[in-house]
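In: I'd like to go over a predicted model; first the sequence, then the structure.
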Amino acid sequence: MYVKSHLSVIGFQGFILFAFNRKPCFHHFRKSSNNSDSFFVLVYFLSQLVATVLHQSHLCPLPLTSQPISWPLDHVLRLYPLPHTVVLADRLIQKVFNYTGVTSFSPGSFSHDGAFIAYRPGTKEAEISSI
C-alpha cells in the first residue's frame, strides 16, 4: 500500500505462535508463571521474526514443512524492494521496532487493554497509544 510514495506492507497470520511453536524456548514461554519473563521471551521472538522477515524479504519465512507454499501465488508475499513499514499484526504483543531502516510493529489486540499503535508515515514514527 502506497501513501505519498511511502510503501507499507501489512501481514497477519499469528506469526509468533505459529513460527516458533517448535522452539525449546517457546515451551518456557507457555509454562512460565512469571509474566515479566514471558514478556521478554515474546519480545525476543518478535524481534527475531522481524529480522527474519526483512532478511529473507518474504512475509512467510517458514520452511516448507511448516507452511506449504502455493508457488503461483508466492510472488505476492515477496518484499522487494524493502518497504518503509512492515506491520506484522499479531494479537499477542504491542511492540515497535526499527530494523535496518524499516519501521516494523505489531499492533497487538485492541480488545485486551484498549491500546493501539499510531503510525505517522511522513516521519516513520510509531507510538503505542491507549484510550
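Out: Everything's here; your move.

In: Please make it C-alpha for all contacts and neighbour counts, starting now.
Out: Will do.

In: list the buried ones in stretch 106-115?
Out: Going by neighbour count (16 or more other Cα atoms under 10 Å), the buried part of stretch 106-115 is Ser106, Pro107, Gly108, Ser109, Ala115.

In: how far is the longest helix seen in the chain from where the chain is centred?
Out: Longest helix of the chain, by residue count under DSSP state H: helix 35-56. Distance of helix 35-56 from the chain centroid (Cα atoms, centre = their mean, to the nearest Å) equals 8 Å.

In: next helix or strand past it?
Out: Counting by DSSP states H and E, the next helix or strand C-terminal to helix 35-56 is strand 85-89.

In: Which positions within the next helix or strand after that following strand qualify as buried?
Out: Next helix or strand after strand 85-89 toward the C-terminus (DSSP H and E): strand 95-99. For strand 95-99, the neighbour count (16+ other Cα under 10 Å) marks Lys95, Val96, Phe97, Asn98 as buried.

In: Contacts for strand 95-99, please.
Out: Residues outside strand 95-99 that contact it (Cα atoms under 8 Å, 6 or more residues apart in numbering): 43, 47, 50-51, 103-108, 126-128.

In: Quickly check these for the two that are furthest apart.
Out: Ala51 and Ile128 (20.7 Å; Cα to Cα).

In: ok, these two, which is more surrounded?
Out: Shown here are Ala51 and Ile128; by other Cα atoms under 10 Å, Ala51 has more neighbours (17 against 14).

In: List the contacts of the more buried one.
Out: Here Ala51 is in contact with Tyr99 (criterion: Cα under 8 Å, 6+ apart).

In: mean confidence for stretch 68-84?
Out: Mean pLDDT, stretch 68-84: 88.

In: Of all the residues in that stretch, which ones are buried?
Out: Using 16+ other Cα under 10 Å as the test for burial, stretch 68-84 gives Arg78, Leu79, Leu82, Pro83, His84.

In: Just give the nearest non-adjacent residue to Phe105, would you?
Out: Val96 (4.3 Å; Cα to Cα, 6 or more residues apart in numbering).

In: Kindly state the pLDDT recorded for the one you found?
Out: For Val96, the pLDDT comes out at 92.

In: still on that earlier bit, among the buried residues of stretch 106-115, which are in strands?
Out: Under the assignment DSSP state E, the buried residues of stretch 106-115 contribute Ser106, Ala115 to strands.
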